[in-house]
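Participant: I would like the atomic coordinates for the input below:
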Amino acid sequence: MIGTPACVIFLLCQLTGPAASGIPKKLVGAIDGSVIFPLNLPVNLVDSIIWVFNSTTLITIQPKTADKKALIIVTQKRNEERVNFPHEGYSLKLSRLKKSDSGIYRVEIHSSMLQDPLTQEYELRVYEYLSKPKVIIGLQDNKNGTCVTNLTCSMEHGEEDVTYSWKSLDQATNESHSGSILPVSWRWEKSDMTFICMASNPISSNSSNPVFAQNLCEGAAGGLALYVILYVLLLFILLCSLALVLFILIVRRTRKKEDYFRGKPGKYHLFHCAHIPQGNRTPLPDHVVRYTKVIYL
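Facilitator: Residues are numbered from 1 along each chain as shown. Predicted structure coming up:
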């Protein structure tokens, strides 16, 4: 049989690390999942084991001996189906985890060979599986075709110990940014960019729906497009005005010619002078006489 000093040293060796320094051993679990509180000790060196959650006794164990089975007493009936000891050891398995299971667990190891019980603490944090994060678009400032805004990533619930990061994707480069807020500056003539928020906690991660800069900054491109449309419209109006003036000038010129040939009063006529010898009295044709001033010599 192992001597008393050797037994004490062996038990102490099993509890080195966080327990020896007084720092709880950190464990994480997921809601509706399970977690194991590891504890490796030889059965024949232990008289009893007590598991404590916060300040409430959770389980009391009397290890089996040669003539009797192990006795396990669960103090709260609602936990009877949730606790288990895999492989007939001392490690505690807690199932069907709830958010309220987060806290400090302590195991006390009692042995007749020890004056005081050995203890080891565990800190359990129970987390939710993350849903899809939500992206909130901040106020936009559109100047000269440049869109400037902020994107904020958040969770509707379960934000405990959540870290955020961003991926900015375009045809040329892929960039990463940390933090829940992403500043965006994008010009409409550049290739479209895609922004994706990634949220993670100790047990899970999830990504947001992609946000496209072209849709995000419609105002910047739309403002410039409106400017182009107004410019084209103004040019069209100017051309129409010039065409109208030219048309009026052509009409007036045509009407003047028509008035000239019709001999309307108040109009100026050009007369061709014809020098005809006095002896020649041959009558001139009507169309010549009409528009010609005859001078007889």
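Participant: can you list the weak-confidence ranges in this protein?
Facilitator: Counting by pLDDT under 70, the chain has low-confidence residues at 1-22, 42-44, 171-173, 189, 218-231, 257-297.
Participant: ok, the residue nearest to residue 207 when sequence neighbours are not counted - how many residues close by?
Facilitator: The shortest distance from residue 207 to any non-neighbouring residue, by CB to CB, 6 or more residues apart in numbering, is to residue 198 (5.0 Å). C-beta coordinates here come from the backbone N, C-alpha and C atoms, glycine included. Taking other CB atoms under 10 Å as the neighbour definition, residue 198 ends up with a count of 17.
Participant: again, but for residue 103
Facilitator: 14.
Participant: Could I get the phi/psi values of the closest residue to it other than its chain neighbours?
Facilitator: Spatial nearest neighbour of residue 103, excluding adjacent residues (CB to CB, 6+ apart): residue 54 at 5.0 Å. Residue 54 adopts backbone torsions of phi 50, psi -110, taken as degrees, to the nearest 10.
Participant: Can you report how many residues neighbour residue 54?
Facilitator: Neighbours of residue 54 (other CB under 10 Å): 9.
Participant: That one and residue 123: what is the separation?
Facilitator: According to CB to CB, to the nearest Å, residue 54 stands 11 Å off from residue 123.
Participant: Give the residues shared as contacts by these two.
Facilitator: 103, 104 (CB atoms under 8 Å, 6 or more residues apart in numbering).
Participant: List the pairing partners of the helix or strand hosting residue 149 within its sheet, with orientation.
Facilitator: Element membership for residue 149 (DSSP states H and E) is strand 146-154. Sheet pairing for strand 146-154, assigned by DSSP bridges, gives strand 134-137 (antiparallel), strand 141-143 (antiparallel), strand 181-187 (antiparallel).
Participant: Check what contacts the last one and list those residues.
Facilitator: Judged by CB under 8 Å, 6+ apart, the contacts made with strand 181-187 from elsewhere in the structure are 145-153, 166, 168, 193, 195, 197, 213, 216-217, 220.
Participant: thought residue 195 was touching residue 165?
Facilitator: No: counting by CB atoms under 8 Å, residue 195 does not reach residue 165; the two are 11.4 Å apart.
Participant: Now the element after the strand holding residue 149, going C-ward?
Facilitator: That would be, after strand 146-154 and using DSSP H and E, strand 163-169.
Participant: Show me what that next one is packed against.
Facilitator: With contacts defined as 3 or more CB pairs under 8 Å, 6 or more residues apart in numbering; DSSP states H and E, the packing partners of strand 163-169 are strand 146-154, strand 174-178, strand 194-201.
Participant: Please put the alpha-carbon coordinates of that strand into PDB.
Facilitator: The C-alpha trace of strand 163-169 is given here as PDB (Å, rounded to 0.1, in the frame of the first residue of the first chain):
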ATOM      1  CA  THR A 163     -15.900  39.900 -31.400                       C
ATOM      2  CA  TYR A 164     -16.500  41.500 -34.800                       C
ATOM      3  CA  SER A 165     -14.500  41.700 -38.000                       C
ATOM      4  CA  TRP A 166     -15.100  42.800 -41.600                       C
ATOM      5  CA  LYS A 167     -14.100  41.600 -45.000                       C
ATOM      6  CA  SER A 168     -14.000  44.100 -47.900                       C
ATOM      7  CA  LEU A 169     -14.000  42.300 -51.200                       C
END
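Participant: residues of that strand that come out buried?
Facilitator: 164, 165, 166, 167, 168 (16 or more other CB atoms under 10 Å).
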